[in-house]
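Trainee: Task: produce atomic coordinates for the following.
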Amino acid sequence: MFGIPGKSPVALTPRAVKQITRLMAKDDAYGLRLGVKKGGCAGMEYTLEFAAEAEPHDEIVEQDGARVMIAPMAQMFLFGTEIDYETSLLESGFRFNNPNVAEACGCGESIKFKDMPEADRPGA
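Mentor: Numbers count the residues shown, from 1 in each chain. This is a model prediction of the structure:
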């Protein structure tokens, strides 16, 4: 586990909690698993998928019925992140306000982390 003992690695806004609980109920899922992988125009991108159960080393964040599991390889990159859910006329989706991000591309889904050599990135 990375970060501060007793402190949640990520924070969920009320809108994110509402959407996550809605998705969990719709798909009868245990929760959503959040991770990062190589890809996108900035080098990395977030992954979010339904999970039927927690994996042994997942960090579990529970808030008002919403459950997010953070994959082990992603924990150090996501610490301090606020997860929000926004709806606009053109699109709706989760937004990650991550203090560990150095750059993000225009699509908003691809990121580059601060002070991270290429060899240390997940999947490298």
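Trainee: distance of residue 53 from residue 25?
Mentor: When distance is defined by C-beta to C-beta, to the nearest Å, residue 53 is 17 Å away from residue 25. For glycine as for every other residue, the C-beta is placed from the backbone atoms N, C-alpha and C.
Trainee: Same check on residue 35?
Mentor: Spatial separation of residue 35 from residue 25 under the definition C-beta to C-beta is 22 Å.
Trainee: before we move on, what about residue 70?
Mentor: For residue 70, the distance to residue 25 (C-beta to C-beta) stands at 21 Å.
Trainee: who's more crowded, those two?
Mentor: Looking at residue 70 and residue 25 with other C-beta atoms under 10 Å, you find the greater number of neighbours at residue 70, namely 27 against 10.
Trainee: for the more buried one, what are its contacts?
Mentor: 9-10, 33-35, 58-61, 78 (C-beta atoms under 8 Å, 6 or more residues apart in numbering).
Trainee: and if we set it to 7 Å?
Mentor: 9-10, 34, 58-59, 61, 78 (C-beta atoms under 7 Å, 6 or more residues apart in numbering).
Trainee: same deal with residue 97?
Mentor: When the contact criterion is C-beta under 7 Å, 6+ apart, the partners of residue 97 are 81-82, 84.
Trainee: Which among the residues you listed count as buried?
Mentor: Among the contacts of residue 97, those classed as buried by 16 or more other C-beta atoms under 10 Å are 81, 84.
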